[in-house]
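> Test case, fold it:
(chains A and B)
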Amino acid sequence: MKEIFFFLGKGGVGKSTLSASLSIFLSNKGLKTLWISIDPAHNICDILKIKPFKGLKEVDQNLWIEEIDIDFYLKKYLRDIKRKIYENYKYLNIFNLDKMFDIIRLSPGMEEFACLYALKDILNNQKDKDFLVIDTPPTALTLRILGLPFITKRWIKELKSWREKIIDRRKMVTHVKGCPLSGVKSCITGEDKVLTELIHQQEQMDSFVDIFLNKDTTHYILVINPDELSILEGKRIIESLKNFNITIDLIVLNKKLEDSSLINELSISKDKIKYKEVSFSKDAIDREKLIDIASKWTKNVFKF
Amino acid sequence: MKKILGNLKNAFSLFAQGFKQASVEHIERELSEMENGFCLIIMSSLTGICAPPPFIGLSLLPYLEPEIETMLKKSKNLDDKLAQWSDLVDL
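This next block holds a predicted model:
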């Protein structure tokens, strides 16, 4: 994957339309493009006027699409955990695993994780594609998805340090008393599976952070409309992403009206972030129109 | 003379074992508290403590059997604070 594009913004500003324009524009140039949606309310198939389907499919020459099925990736992850639990636990009758996992699936934070899990899967299996264009859900969920690796890294750092202290104490006790320790397997001096898992998770989060912060390959496009609410939300997105050192590469003012008075009041600094406008169109937007739109807003911003 | 030295050696070895036992008891107690705390944090969404993302707990869950054992043992004794205190002060 050469480059990744995230489209961010308030619900209804036109993220899907602009991500469609970029995807079709790139594929039209003969570049292998994968256009995915991580918004639970997908509309890639609606835009392309095709019947929704599961998984990844080539819908046009050089254009692949996938509407990420969060539930599928969540179930896949939980199946893997369940298998490991059955391998490691002696007394499984104390758990009603299936019921427990049904509830865990709906726990806060799992949806964001499933998105990252899906993204990892795509990045690992679709290396032959040149571009990955990501249509995101409205602000709140997107910020949680982008922030998850950064927050998780901090937790893992603390948990690792705690775990290392536990291993240290176990070694001391084992050294003096020998195995086994109070009937608990904690004096096993070999590899600590918990620490190994924490290191594995840390590596995964590090790889996401590297991807999210790579300015050469990952681009963030903020879409706003000429209305106060979308502009205010846009500003909040910029500020929130600053906490993770993520910077917006381009702001696109979509659905620009000729007499939009609010445009002059747009106080997002145009000097620091590149800025483009896409005019409002009453006509139906077809494939040719989408290519035309993208050729304008990507001009002098991205080199394809 | 040989017998006296042998007895002394035995006595010192008993002393050493006793000291070792006493020093390890403290570390063991600290270890069980740390294991209990680690498990409580991992499963904190059940206990109302500030929680790491749930998938971290889930990823570690397959390997946490010893810690869950410790946690369950500790929670069984939560209603017997006097016995715990007696244990701590070695009564």
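> Let's verify A:Ile81: helix, strand, or coil?
Three-state assignment for A:Ile81 (DSSP: H, G, I helix; E, B strand; the rest coil): helix.
> Looks like it contacts B:Leu60 (just checking).
No. Look at A:Ile81 against B:Leu60 with Cβ atoms under 8 Å: they stay out of range, at 9.8 Å. The way it works is simple: take the backbone N, C-alpha and C, and place the C-beta from them, glycine included.
> Comparing the two, which residue is more hemmed in?
Under the criterion of other Cβ atoms under 10 Å in any protein chain shown, the comparison of A:Ile81 against B:Leu60 puts B:Leu60 first, with 24 against 18.
> Can you name the residues that contact the more buried one?
A:194, A:197-198, B:42 (Cβ atoms under 8 Å, 6 or more residues apart in numbering or on different chains).
> how does it look with 10 Å?
A:81, A:159, A:163, A:193-195, A:197-198, A:201, B:38-39, B:42-43, B:52, B:67 (Cβ atoms under 10 Å, 6 or more residues apart in numbering or on different chains).
> Distance-wise, check it relative to A:Ile151.
According to Cβ to Cβ, to the nearest Å, B:Leu60 stands 17 Å off from A:Ile151.
> Kindly report the same for A:Asn43.
29 Å.
> And the nearest residue to A:Pro52 once chain neighbours are set aside, which helix or strand is it part of?
Spatially, and ignoring its direct neighbours in sequence, A:Pro52 is nearest to A:Cys45 (4.5 Å; Cβ to Cβ, 6 or more residues apart in numbering or on different chains). According to DSSP states H and E, A:Cys45 maps onto helix A:44-48.
> how near is A:Asp168 to chain B?
9 Å (Cβ to the nearest Cβ, to the nearest Å).
> what about A:Ile237, how many residues close to it?
The burial count for A:Ile237: 22, using other Cβ under 10 Å.
> hang on, B:Ser44 packs against B:Gly57?
Yes. B:Ser44 lies in contact with B:Gly57 (Cβ atoms under 10 Å); the separation is 8.0 Å.
> Check the contact lists of these two and give me the overlap.
Joint contacts of B:Ser44 and B:Gly57 (Cβ under 10 Å, 6+ apart) are B:Ala51.
> If you count surrounding residues, which of these two has more?
Using other Cβ under 10 Å as the criterion, B:Ser44 and B:Gly57 rank with B:Gly57 on top: 21 against 15.
> Tell me the spacing between the more buried one and B:Asn77.
24 Å.
> picking up where we left off before, what sits against the residue nearest to A:Pro52?
Listed by Cβ under 10 Å, 6+ apart, the contact set of A:Cys45 reads A:37, A:51-53, A:57, A:59, A:65, A:67.
> could I get the residues you listed as TSV with pLDDT and secondary structure?
Below are the contacts of A:Cys45 laid out as TSV (pLDDT from 0 to 100; DSSP: H, G, I helix; E, B strand; the rest coil):
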residue	pLDDT	secondary structure
A:Ser37	95	strand
A:Lys51	92	coil
A:Pro52	91	coil
A:Phe53	92	coil
A:Lys57	93	strand
A:Val59	94	strand
A:Ile65	97	strand
A:Glu67	95	strand
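> Just the buried subset of the residues you listed, please.
Restricting the contacts of A:Cys45 to buried positions leaves A:37, A:59, A:65, A:67, with burial counted as 16 or more other Cβ atoms under 10 Å in any protein chain shown.
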